[in-house]
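Trainee: the following comprises the amino acid sequence and a computationally predicted model.
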Amino acid sequence: MKKSLAVLLTIFATGVFAQEKDKGTFFGGFESISTWYLNDKDLGVSHPEDPLRSNNYLLLNYRYKGFTVGLQAESYEQRPLLNYNPGYDDTNIGTWFVQYSNDKIDVTAGYFYEQFGSGLLYRSWEDRALGINNSLRGGRVIFTPVDFLTLKGIYGRQRTGFSISEGEIFGTDLELGLSRIFKLESTELALGLTYVGRYENYGLDNQNFDDLTNGYGARFAFNHGSFYGSAEFDYKTNDAIVQLQGQLDNDFVKPANALLVNVGYSSKGFGIDATFRRLENMAFYTDHDAAGNLYNDGIVNFVPSLTKQHHYNLANIYVYQAQSKVYLEDESLVKAGEIGGQIDMFYEFKKGTQLGGKFGTKVAVNLSHWNALGGTFSINNPKDYDTDFLGWGRKYFHDYNLEITKKFSDKWYTVFGYINQYYDKRLVEGQAGIVKTNILAAEATYKFSPTRSMRVLGEHLWADHDKRNWASATMEYNINLKWSIYATDLYNYGNQDEDLRHHYYNVGSAFRYKSTRVALSYGRQRGGLICVGGVCRYVDESSGVTLSLNTSF
């Protein structure tokens, strides 16, 4: 531990010295999350080995003229927080880079993040809440010779823990600003083309697929007045399908494709947005033995769920995750992707009208619906499937919701929500059962002064299966601009097993000063899926005390 701390302090001191030299700009940040896990007889959990665990990230960057150098030091002591990738351990340099950029060219060596199009073929990013960091270690070039043309080229090996993958990723992306080429003043048009290659030396006898997997993509986007739209199609060449983690089926080799279409209209007081997506076998990993892991480690592309990202506690119990993988386990679990979409609409009743009242009223409706791909499936050796391009198979999930936002005065602000969900646990999670839920939520915020306010939220979930009914309550009190406190409780009172009717409570406080935030909390973690931005991971139930610190400089 002392050695780890010394490394971090040495790096930090180096950055401060650079700043004191008054040449260039030094900037960065520090984030720390530490939890002391506790025994909880009621939940039936015991604190793990090394109950005190901590994730720490120190980001340092130095910019001088067109050059930027940076690194991220990471410390996981004594081990990473529960449910994080065990590849993150000890203290080390997680990422580093050297970059030069001007108006025409941007060159990076080291670790970098990038995205082509929507990310369905390639995206590298970091999300500390989910334990994801799939940056590439290698090189990237971005060339903009004219204002209507951008060319990108990448090569590298993906980060996995403090190591890198065996597989290699390389690719290029071209984007053309057609509106600038044709000098269109009122319409924005853009065309994009993508290539991504993944090379892995499998070394199998009588291999029925190439070590090189190629991905190709094309996209188009427009914007005219209040109307906008985009479309993207991606194709991945034959790739061996991994049914179980690390186990390849040399006789089960299939291509993959994805179609994403989005259209919408937005004006003052009204908007509608519709998205359609079809995925077939779009799971894409840098190494075959990473396929299907629980930590989102080794993923090459970005396939988020396209559903409403609810801020209600109970609406996130049965949460959908995108189904891009192929499973042919038995007759009750066959899937090769997903087809569906969502429609998002809002309308604001004007101030002074009967429904708008003095301050106006906003109504938002979101409808998302997802099914398995229709087609024929063979679960016997050799396994195989043949999908219909627009065929709809068994239903995975739906989420139909309504939210009404109403301000009654300068001090009172309320939100009312209703959510109806359908969730096939067998198809989505591999567990038996279909769950149908109805959720009601009511939220109110009262401002005592410009800096002091209170927010209360009550929720109820009715479910016909699984853990049955839940109730939840939340209270947040902002004492001033610096201090806030909160308390929340999720109670599974309707569980048919009385021994499992648990309260999942949390209490905490946060302090903010300029760019620094410190928070302390105590409570229980509900087991299940935790999602951020449509990407999910499983967590186990736990109890503990958590201290977090986040600052930037």
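Mentor: The structure has been received and is ready for your questions.

Trainee: could you give the mean pLDDT of stretch 56-72?
Mentor: Taken as a whole, stretch 56-72 has an average pLDDT of 95.

Trainee: flag every buried residue along that stretch.
Mentor: 56-62, 68-72 (16 or more other CB atoms under 10 Å). In short, each C-beta sits where N, CA and C put it, glycine included.

Trainee: could the residues you listed be laid out in CSV, adding distance to residue 311 and secondary structure?
Mentor: Formatted as CSV, the buried residues of stretch 56-72 follow (distance: CB to CB, whole Å; DSSP: H, G, I helix; E, B strand; the rest coil):
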residue, distance to residue 311, secondary structure
56, 28, strand
57, 25, strand
58, 30, strand
59, 27, strand
60, 33, strand
61, 32, strand
62, 37, strand
68, 35, strand
69, 38, strand
70, 33, strand
71, 34, strand
72, 29, strand
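
Trainee: tally of neighbours for residue 229?
Mentor: Other residues near residue 229 come to 15 when the count uses other CB atoms under 10 Å.

Trainee: mind putting the buried residues of stretch 56-72 in JSON lines, distance to residue 404 included?
Mentor: Formatted as JSON lines, the buried residues of stretch 56-72 follow (distance: CB to CB, whole Å):
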{"residue": "56", "distance to residue 404": "42"}
{"residue": "57", "distance to residue 404": "39"}
{"residue": "58", "distance to residue 404": "44"}
{"residue": "59", "distance to residue 404": "41"}
{"residue": "60", "distance to residue 404": "46"}
{"residue": "61", "distance to residue 404": "44"}
{"residue": "62", "distance to residue 404": "49"}
{"residue": "68", "distance to residue 404": "47"}
{"residue": "69", "distance to residue 404": "51"}
{"residue": "70", "distance to residue 404": "45"}
{"residue": "71", "distance to residue 404": "48"}
{"residue": "72", "distance to residue 404": "43"}
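
Trainee: now residue 55: closest residue in space that isn't a chain neighbour?
Mentor: residue 33 (5.0 Å; CB to CB, 6 or more residues apart in numbering).

Trainee: for the helix or strand hosting the one you found, packing partners?
Mentor: Assigned by DSSP states H and E, residue 33 belongs to strand 25-37. Under the contact criterion of 3 or more CB pairs under 8 Å, 6 or more residues apart in numbering; DSSP states H and E, strand 25-37 touches helix 2-20, strand 52-64, strand 542-552.

Trainee: longest single strand anywhere in this protein?
Mentor: strand 384-407 (DSSP state E).

Trainee: roughly how far is that one from the heart of the chain?
Mentor: 19 Å (CA atoms, centre = their mean, to the nearest Å).

Trainee: what do you get for stretch 406-425?
Mentor: 23 Å.

Trainee: and the strand holding residue 33, which strands flank it?
Mentor: strand 52-64 (antiparallel), strand 542-552 (antiparallel) (DSSP bridges).

Trainee: quick check: the farthest pair among the buried residues of stretch 56-72?
Mentor: 56 and 68 (22.9 Å; CB to CB).

Trainee: for the longest strand of the chain, C-alpha coordinates in CSV please.
Mentor: Only the C-alpha atoms of strand 384-407 are listed here, as CSV (Å, rounded to 0.1, in the frame of the first residue of the first chain):
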residue,chain,number,x,y,z
ASP,A,384,-27.1,-23.3,-37.5
TYR,A,385,-29.7,-20.6,-38.1
ASP,A,386,-31.3,-18.7,-41.0
THR,A,387,-33.0,-15.4,-40.2
ASP,A,388,-35.6,-13.4,-42.0
PHE,A,389,-34.3,-9.9,-42.5
LEU,A,390,-37.5,-8.2,-41.2
GLY,A,391,-38.8,-11.3,-39.4
TRP,A,392,-40.0,-10.8,-35.8
GLY,A,393,-39.5,-13.7,-33.4
ARG,A,394,-40.3,-14.1,-29.7
LYS,A,395,-40.8,-10.9,-27.7
TYR,A,396,-37.9,-9.8,-25.4
PHE,A,397,-39.1,-6.6,-23.8
HIS,A,398,-41.3,-3.6,-24.0
ASP,A,399,-41.3,-0.4,-22.0
TYR,A,400,-44.3,2.0,-22.5
ASN,A,401,-44.1,5.1,-20.3
LEU,A,402,-45.7,8.4,-19.7
GLU,A,403,-44.3,11.3,-17.8
ILE,A,404,-46.0,14.6,-16.9
THR,A,405,-43.9,17.5,-15.7
LYS,A,406,-45.7,20.4,-14.0
LYS,A,407,-44.5,23.5,-12.3
